[in-house]
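Peer 1: requesting a structural model of the entry that follows:
(one chain, ligands or ions: 1)
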Amino acid sequence: MAKDVGRGTKRVGESSSTYDRSLLSSGVAVMALQGDFDAHRLKLSEIGVDSFEARRPEEVDSSAGLILPGGESTTMWKFFESSGWEAAIRRFAAAGKPILGTCAGAILLASDVTNPGQKGLGLLDIGVERNAYGRQVDSFVGQVEAPRLGGSLPAVFIRAPRIRRVGQGVETLATLHGEPVLVRSGNVVAATFHPELTGDDRVHEMTFGARRRERKAG
Ligand code: GLN
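Peer 2: All right, here's what the predicted structure looks like:
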């Protein structure tokens, strides 16, 4: 997979040097069962956030944030069947700590999953259709519109799902051709693309930085 495809505007708003790293002292857990967890760790290190590869579910309990990476969601569910991952992710979400799911990770978080259908964690009230861009364009780089993140950002789509339904209380933060591709409900963020594969940091900064600001304010 190409790294740094479509380099975009670096950091909007604060620079990473203003991050309060103490909040993230226990680091962001990147679920490392399968998929492109390494690229997320690299991205986090680029914005000054500590991270670690979580291979066992209990490792996420004490972490400050959680990333469910891209890969193959069906394979991830197979791992979940024989381990405590599902319960650990639910505990994590219920604790109000920030979770970012990208591509397969977004599929895991959804309420309804089709094409083919499979269970969703239902931590984000969206309906997703897997592999929904079709064979001809199954992987591509696009510019998505993200006015609330400061403008358009480059986005790598790899056998990506499409969000077919957005429930009440779910905010759309970025769109491609008018369709939601980045959504958020409270502490749970899902991107149908791979923000870890471009030079643009805004999705990771928003997910983990916003949390820091909220805590500081409280
Ligand atoms: N097509 C994969 C799935 O359905 C997702 C692809 C990805 O994460 N890049 O789980």
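Peer 1: what residues does this protein put near the ligand?
Peer 2: Residues of the chain lying near the ligand by CB under 6 Å from any ligand atom: 70-73, 103-104, 107, 130-131, 158-159. C-betas here are computed from N, CA, C, even on glycine.
Peer 1: can you select the buried ones from those in PyMOL?
Peer 2: Those of the residues of the chain next to the ligand that count as buried under 16 or more other CB atoms under 10 Å are selected in PyMOL with:
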select buried, resi 70+71+73+103+104+107+130+158
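Peer 1: taking the residues of the chain next to the ligand one by one, which sit in strands?
Peer 2: Ile158 (DSSP state E).
Peer 1: redo the residues of the chain next to the ligand as a markdown table? Include pLDDT.
Peer 2: Shown next, in a markdown table, are these (pLDDT from 0 to 100):
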| residue | pLDDT |
| --- | --- |
| Gly70 | 98 |
| Gly71 | 97 |
| Glu72 | 97 |
| Ser73 | 98 |
| Cys103 | 98 |
| Ala104 | 98 |
| Ile107 | 98 |
| Arg130 | 97 |
| Asn131 | 95 |
| Ile158 | 97 |
| Arg159 | 96 |
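Peer 1: quick one: secondary structure of Arg184?
Peer 2: strand (DSSP: H, G, I helix; E, B strand; the rest coil).
Peer 1: if you skip the residues just before and after it, what's nearest to it?
Peer 2: Computed as CB to CB, 6 or more residues apart in numbering, the closest residue to Arg184 that is not its neighbour in sequence is Glu171, at 5.0 Å.
Peer 1: give me the neighbour count for the one you found.
Peer 2: 13 (other CB atoms under 10 Å).
Peer 1: my guess is it contacts Leu182. True?
Peer 2: No - if you go by CB atoms under 8 Å, Glu171 and Leu182 don't touch, sitting 9.3 Å apart.
Peer 1: sounds good, over and out.
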